[in-house]
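Chemist: Sequence below, structure please.
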Amino acid sequence: MSQKKSTPSLPDPFPTDKLRLLNFGSADGHRDKLAELAFIETSSVKQFYLNQHSIIVGAIGAGKSTLFTLLKNHSEKLESYKNDLIVPLEEALSFNELSEFVREYYPGKDEKTLYQLLWKFNVLLKISIELSKQEKFPNNSYEKAVNKFLDDSNSSDSYSNILDKFKKLVSDANVKFEAKIGDNPITIEAGLSGKAPKPRKKINLEEVQRVVSESIRARNFKCATVIIDKIDRFVAGAEYYVQRLYINSLLEVDDDLSAIQNINLKIFIRSDLFERLDFAALGYDKVHDNVIKLKWSHDETLRFLAIRIMVGLVQAKICKPEDIFRATDLSEFDLTWREKLFLNTRVPGLFKNLVNKKEKSERVTSLHGKFDKAIITKVFPRYAIHFCSKENKYLELDIFDFIKSHFLDGNGVCTPRYILIFLKEVVEKVASYYEENPDQISELVLIEKDYEWDLFKKYCVYQAYISAKDIYVKNIETIDSKWTKNVNVLLAKKGNKTNFDYKWIRTNIPGISESEAVDFLSFLQVIGFLKISDPHQEIKKRGYELPILYKVSNMPSKPIK
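Modeler: From the prediction side, this is the model:
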């Protein structure tokens, strides 16, 4: 007989002395030790599995760094990439230096063609370096040609970025670069330094591309997947102009390399910057057909929260997944032995595949959705405190409505980063509560047919929400040092104000110029600190307001009835 009703299978009372042992991972995808264990297969990720797109676009905190890191570390989660040679390319360049390089070494020519050549050189160089790490390299004529390219390119200099390396090669007056992007030949010659010319070497990137491709094939890699990150930091003014050209050039190189079956690029880029690129050369439809947009639905956000809670509880040895399963009422799903078998993690996958699938009628609530919400309410209260600014009073709000509405930034986005920061703050506040009130315990109680702990007190949850908001604001201060001072002044002067415009910025931030005020407003909108409330083509005429994530919240002075 299948289980329908819930049973009190969880520890009672909850071991509150273990609260500080709960580890939910890092909000920084590059440092998150639980990224693989707590990985969520969103609809965007399932697209990524297909390995059919080159451009991965997402808001800050949407998971670009997590995907990049999993690829870089050859994660088993990304099985479709397991036979690829993974080539990380994560160099942050100064766009001012890039502009100066163009003026000095490429005067009077289309700078975009130089950026294309620079990108192609960088991609092929990074692949060649990874190939050189393979056993018995070089072991054929193709790899010997790759090795010569490495020697000619001074690849042993691992402390210089690609711009410094390229600049040194050119200024030594002994190298001629040749490349072709689409139908456009590109050449850059040396001879600009005051040194006596040395015997000239020629680096033909089309020939390099050919031998690199053959070397990849000879090593039995499906392809070389070059993963590109750290090209999308926020810049403004002249730097922004160069950044756009530089990234546009990369997209054109990607389009050119798409003809080579075994060289693929994965370009990770901030969504707002991507939308402002110039798609005229390649065509808007063509580029967007090559894009995966990392977005999180409300259900996927709940799953992220649920999985992090589950992993934290299991790793702290508080309970097992099956304990939570048994403490949850599943009578609405009428699970048979077949469904229980599929849900049991101890049953081998091979055996599950032998069981015939059974067609079921359509459900209003998904089984995963039920589990996600059940895991969350095992620790969270079913209702949270909500401050209604219009009525100037505190109310209670369904916890899932609270999560859905209270973590949206100015771009209308709730990212995993916001949720994870909040979750950590909740545990911190709750742990302190039980430490300061040792007479309090968290018992297992039956609520609407599910067994749940009364663990996370609603006042602790709201207090954590306020603390998390402070962290979100501090993150705004540190995103770009160029704007830190202006952000600090804005925060100091805004008080409870929620609406802003160009005039307010100019009046309240000392010494800010007209162009800087425009760039500053653009920056605040880009990072989601402000959202447009009064749209206008000119930034100077737009109205902005704070999203709920950054509006001031205060604790109620007395309990809510």
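
Chemist: Quick one: name whatever helix or strand follows the helix or strand of the chain with the lowest mean pLDDT.
Modeler: One helix or strand of the chain scores below all others by mean pLDDT, DSSP states H and E: helix 349-354, with a mean of 43. The first helix or strand that comes after helix 349-354 along the chain, using DSSP states H and E, is helix 367-379.

Chemist: contact partners of whichever helix or strand comes after that next one?
Modeler: Of the helices and strands lying after helix 367-379 in sequence (DSSP H and E), the nearest is strand 383-388. Applying Cβ atoms under 8 Å, 6 or more residues apart in numbering, the set of residues contacting strand 383-388 from outside is 393-399, 402, 406, 458-459, 461-462, 465, 553-554, 556, 560. C-beta: built from backbone N, CA, C; applies to glycine.

Chemist: hmm, try it at 7 Å
Modeler: Contact with strand 383-388 is made by 394-399, 402, 458, 461-462, 553, 556, 560, as judged by Cβ atoms under 7 Å, 6 or more residues apart in numbering.

Chemist: Got phi/psi on residue 293?
Modeler: phi -100, psi 120 (degrees, to the nearest 10).

Chemist: What is the neighbour count of it?
Modeler: As a burial measure, residue 293 scores 16 neighbours (other Cβ atoms under 10 Å).

Chemist: ok, now residue 232?
Modeler: For residue 232, using other Cβ under 10 Å, the count is 21.

Chemist: and if you look at residue 519?
Modeler: 21.

Chemist: following the host helix or strand of it, which helix or strand shows up next?
Modeler: Per DSSP H and E: residue 519 is located in helix 514-526. With elements assigned by DSSP H and E, the helix or strand that comes after helix 514-526 is strand 531-534.

Chemist: In PDB, could you pull the C-alpha coordinates for that following strand?
Modeler: Output of strand 531-534 as PDB, limited to C-alpha atoms (Å, rounded to 0.1, in the frame of the first residue of the first chain):
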ATOM      1  CA  LYS A 531      13.300  51.100 -12.100                       C
ATOM      2  CA  ILE A 532      11.800  53.400 -14.700                       C
ATOM      3  CA  SER A 533       8.500  54.800 -13.400                       C
ATOM      4  CA  ASP A 534       8.100  57.600 -16.100                       C
END
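
Chemist: what about the chain, any weak spots by pLDDT?
Modeler: Within the chain, the ranges that satisfy pLDDT under 70 run 1-4, 157-159, 172-174, 190-200, 236, 332-367, 389, 557-561.

Chemist: got the residue ranges for the helices in the stretch 451-561 of the chain?
Modeler: Remark: helices assigned in the stretch 451-561 of the chain by DSSP state H, counting those that start in this stretch are 458-478, 484-494, 502-508, 514-526.

Chemist: Would you convert those helices into JSON lines that also reports distance to residue 150?
Modeler: What follows is these, written out as JSON lines (distance: least, Cβ to Cβ, whole Å):
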{"stretch": "helix 458-478", "distance to residue 150": "38"}
{"stretch": "helix 484-494", "distance to residue 150": "41"}
{"stretch": "helix 502-508", "distance to residue 150": "51"}
{"stretch": "helix 514-526", "distance to residue 150": "39"}
